[in-house]
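# sequence and predicted structure, then a few things I'm wondering about:
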Amino acid sequence: MIEKLKNKKIIKMRVALTTFCNCRCPYCYVEKTNEFAKLNTLQSAISLLVESKGKKKLLVLYGGEPLFTFERAKKIILFAKKLAHTNKKRIIISFVTNMTVLKEEHLQFLKANDVHLIVSAIGIKEHHDKFRIFKNGTGTYDTIIKKVPIIWKFYEKENTGVCFNIFPDTVKFMYKNFKHLFNLGFRNFNLEIVIGYKPWKKYTNYYFATNLKKILNDLFLSIKTGDYIFLRPISLLIAYSQNFQLKRTLSNSTKEGKIFCPFNFHLYMYPDGDLTFTPFVPKKNPFIIANVEKNKVYQFENCKFSSKSNVCRACFQKYFENHLIDPEINANLIHEIYTNFCFQVANFILEKAKKNKSFAKYVDVIKKTQ
């Protein structure tokens with residue numbers, strides 16, 4: 001029974017409300033099977049998240065395009081908030097959308113219920129329209145650009161994020177695209193390094209590292225000016241610093257056994273109720289952990305996490321080394337560069353915050369909003 005997984009410390013869960021979408025972005029990993037999660041399935045998944053160990057919970061709602069099942073999303077948001085209150089937990093809910101059908105009434109409800117808004121974007125029109133396209137093959141830039149001013153009528157910058165997709169084709173222009181989104185008003189960025197679409201070549205490492213340093217320079221400048229820029233992995237590391245070995249890089253931590261349990265931040269639910277640690281692995285055994293709709297647990301029912309356990313290390317590596325990153329492409333090196341930067345910067349900010357008021361205020365904002 002699913003109840004048996006509540007012995008885990010589940011901090012974050014991503015829930016796909018539907019696989020239906022009005023776009024056909026060529027890099028998207030979601031199979032457009034037009035499935036919609038049942039209300040009771042969603043409620044069971046949220047109960048698992050909220051009633052598991054830990055006081056702070058992150059719920060991410062997306063698809064497909066979740067605005068096509070917004071009435072159900074509203075019920076789930078209210079259910080999650082009420083359940084969290086009953087269990088004396090803090091829950092942060094994010095809603096991810098491609099913006100194409102976003103309306104004021106959506107924003108009114110989401111804002112009224114303290115739901116963070118996350119939008120998907122690439123950058124300048126030329127790059128965006130190459131990768132974010134409707135079913136008929138036309139780009140979505142002209143449609144979404146009209147929605148951006150509406151967002152700022154309801155939302156503060158710190159509660160609005162952008163999934164900023166990076167491709168081998170666009171990595172050379174990563175900072176240019178970042179500044180374009182910045183000038184549109186976005187300050188909260190989650191860099192999504194797209195894998196499995198086109199090969200990452202060795203020369204892209206240089207472009208990625210060079211552009212990332214420029215973004216990080218802007219982030220540090222924002223701490224001084226108070227017009228804060230947030231980079232999602234760094235913000236999460238700061239907000240949940242007690243869960244990580246910030247003095248180490250993630251790659252070194254894995255080699256030395258200093259790992260974290262995938263149940264903490266990587267639980268993902270498909271609309272049919274299947275649970276996995278990442279949507280990037282095949283949707284079949286041995287990767288399916290449980291099915292919420294069927295109320296069945298297939299694995300990890302009785303395991304207890306230990307950072308020094310060989311069993312836990314093998315589990316971690318199975319999902320996040322052997323499958324999340326294809327060993328035949330150079331994306332693993334890009335991920336390593338990015339991960340190392342994030343750990344180093346998060347640790348630096350936390351250290352500076354001990355003596356510097358500007359950094360301390362920045363950390364305080366992150367811990368209140370993330």
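Structure's in. What do you need?

# hey, where'd the strands end up in the chain?
Assigned by DSSP state E, the strands in the chain fall at 12-16, 56-62, 90-97, 116-121, 160-166, 188-193, 230-231, 267-269, 274-276, 290-291, 296-297.

# want to throw these into JSON lines with mean neighbour count?
In short, each C-beta sits where N, CA and C put it, glycine included. Formatted as JSON lines, the strands of the chain follow (neighbours: other CB atoms under 10 Å):
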{"stretch": "strand 12-16", "mean neighbour count": "22"}
{"stretch": "strand 56-62", "mean neighbour count": "21"}
{"stretch": "strand 90-97", "mean neighbour count": "20"}
{"stretch": "strand 116-121", "mean neighbour count": "22"}
{"stretch": "strand 160-166", "mean neighbour count": "22"}
{"stretch": "strand 188-193", "mean neighbour count": "20"}
{"stretch": "strand 230-231", "mean neighbour count": "23"}
{"stretch": "strand 267-269", "mean neighbour count": "24"}
{"stretch": "strand 274-276", "mean neighbour count": "22"}
{"stretch": "strand 290-291", "mean neighbour count": "22"}
{"stretch": "strand 296-297", "mean neighbour count": "15"}
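
# can you put these in CSV and add distance to residue 22 and mean pLDDT?
Formatted as CSV, the strands of the chain follow (distance: least, CB to CB, whole Å; pLDDT from 0 to 100):
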stretch, distance to residue 22, mean pLDDT
strand 12-16, 16, 96
strand 56-62, 14, 95
strand 90-97, 11, 96
strand 116-121, 13, 96
strand 160-166, 17, 94
strand 188-193, 20, 93
strand 230-231, 29, 96
strand 267-269, 22, 95
strand 274-276, 24, 94
strand 290-291, 28, 96
strand 296-297, 33, 94
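
# as CSV, those with distance to residue 150 would be great.
Formatted as CSV, the strands of the chain follow (distance: least, CB to CB, whole Å):
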stretch, distance to residue 150
strand 12-16, 25
strand 56-62, 20
strand 90-97, 12
strand 116-121, 11
strand 160-166, 12
strand 188-193, 17
strand 230-231, 22
strand 267-269, 30
strand 274-276, 35
strand 290-291, 38
strand 296-297, 43
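
# compare those and give me the one nearest residue 202.
Smallest distance to residue 202 across the strands of the chain (CB to CB): 15.2 Å, for strand 188-193.

# sorry, back to before: among the strands of the chain, which is nearest residue 142?
When the strands of the chain are compared (using CB to CB), the closest one is strand 116-121, at 13.0 Å.

# poorly predicted segments of the stretch 151-300 of the chain, please.
Within the stretch 151-300 of the chain, the stretches with pLDDT under 70 are 242-259, 282.

# so the closest residue to residue 92 other than its chain neighbours bridges to which residues?
Sequence neighbours aside, residue 58 is the residue nearest to residue 92 in space, at 5.3 Å (criterion: CB to CB, 6 or more residues apart in numbering). Judged by DSSP bridges, the bridge partners of residue 58 are residue 12, residue 92.

# many thanks, I have nothing further to ask.
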